[in-house]
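# With the sequence up front, the predicted model follows.
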Amino acid sequence: MSVHKTNGSKVTIRQLLKMKAEAEKIVCLTAYDVSFAKVLDDAGVDVVLVGDSLGMVMQGKDNTLPVTMDDMVYHSRCVANGLDRALLMVDMPFMSHISPEIALQNAGRLMKESGAQIVKLEGGSEQRDVVNALTLNGIPVCAHLGLQPQRVHKLGGYRVQGREADDAERMLNEAGVLEQAGADALLLECVPADLAKKITDAVSIPVIGIGAGRDVDGQVLVLQDILGITPGRAPKFSHNFMAGAESIQQAVSHFVAAVKTKTFPQDEHIF
């Protein structure tokens, strides 16, 4: 299966909602520069995420916490220059959305200075007022539940979230709270597959998963992971699509096709 962009078919939030309704899988990958952004766009990736993962992937940090707003604006502007079809999603970095007022200022920068079309922020029901404020001011929001890398020290490391019944129930409730507050999409990271399915079925907004099973509305991975160039051990939920591919472009196209045809993730990628 080969997927290519079509002129005039810019991906929008409304289109993501339609894809959920029609059970068409949403494909998302990270990018941090214009060259890879072009590769992803040409391959038919629906959403390109400029993640604060750039702190680890591009800057060699131990976690995402040192990433600044200036870092996000710079990399997002570079990526925006390489996109024609894909929707551009940009992370709100650590401490950039601790109040509605601060979130509005920082999200406004991402929209105005870098070309972001939707911002993503970590946090549960405590982010209700922030999400609502952004929504009321015309800024689309993707909420982020499950493993939240910006809380790595509080969580005690990078661990699957929602295994216990109380935690699962709380996460399910938080998804509803964030949708009600105005979130346009939801990202679930490192969540058991059965819980991810319950959340996906319970909300009307698109749910994109990373390590969240196959029953979510879409899949996202870090680009370097699917190219097999991650330092150290690759995450359980990822797969090296460069294996057997003749080029980076072909590897990305294989990922797009695998998500669209529901052949990724496989059982070994699921918690």
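Now that the structure is in, tell me what you want to look at. In this text the structure is predicted, and so the values were computed from the model without any measurement.

# Just the residues contacting the lowest-mean-pLDDT helix or strand in the chain, thanks.
Ranked by mean pLDDT, DSSP states H and E, the weakest helix or strand in the chain is helix 152-155, scoring a mean of 82. With contacts defined as C-beta atoms under 8 Å, 6 or more residues apart in numbering, helix 152-155 is touched by 63, 64, 65, 147, 148, 158, 161. Using the backbone N, CA and C atoms, a C-beta is placed for each residue, glycine as well.

# Could you pull out the helices in the chain for me?
13-21, 34-43, 54-57, 69-80, 100-113, 128-136, 152-155, 165-181, 193-202, 223-226, 248-260 (DSSP state H).

# The third one packs against which elements?
Translated: helix 54-57. helix 69-80 (3 or more C-beta pairs under 8 Å, 6 or more residues apart in numbering; DSSP states H and E).

# do the same with the second one
Helices and strands in packing contact with helix 34-43 are listed as strand 47-50, helix 69-80, helix 248-260; criterion 3+ C-beta pairs under 8 Å, 6+ apart.

# What ranges in the stretch 101-250 of the chain fall below the confidence cut-off?
Regions of the stretch 101-250 of the chain meeting the criterion pLDDT under 70 are absent.

# so residue 135 sits right up against residue 180, yeah?
No - contact between residue 135 and residue 180 fails when scored by C-beta atoms under 8 Å: they sit 10.5 Å apart.

# sorry, back to before: who wins for proximity to residue 174 among the helices and strands packed on helix 34-43?
Nearest to residue 174, of all the helices and strands packed on helix 34-43, is strand 47-50, at 20.9 Å by C-beta to C-beta.

# Can you give the contact residues for that closest one?
Strand 47-50 is contacted by residues 11, 16, 26-32, 37, 40-41, 72, 75-76, 79, 83, 86-91, 114, 116, 120, 208, 218, 220 when judged by C-beta under 8 Å, 6+ apart.

# hmm, try it at 7 Å
Here strand 47-50 makes contact (C-beta atoms under 7 Å, 6 or more residues apart in numbering) with 11, 26, 28-32, 37, 40, 72, 75-76, 79, 83, 86-91, 220.

# Now the least confident helix or strand of the chain: buried residues?
Residues of helix 152-155 classed as buried by neighbour count (16 or more other C-beta atoms under 10 Å): residue 152.

# now swap in stretch 143-154 and tell me
143, 144, 145, 146, 147, 148, 149, 150, 152.

# so what's residue 220 up against?
Counting by C-beta under 7 Å, 6+ apart, residue 220 makes contact with 28, 29, 49, 187, 208, 210.

# what's the closest of those residues to residue 197?
residue 208 (13.7 Å).

# quick one: which of the buried residues of stretch 143-154 is nearest residue 129?
residue 143 (13.0 Å).

# So that closest one versus residue 245, what's the distance?
33 Å (C-beta to C-beta, to the nearest Å).

# Identify the residues contacting the nearest residue to residue 100 once chain neighbours are set aside.
Among residues not flanking residue 100 along the chain, residue 133 sits closest, at 3.6 Å (C-beta to C-beta, 6 or more residues apart in numbering). Residues in contact with residue 133 (C-beta under 7 Å, 6+ apart) are 100, 103, 104.
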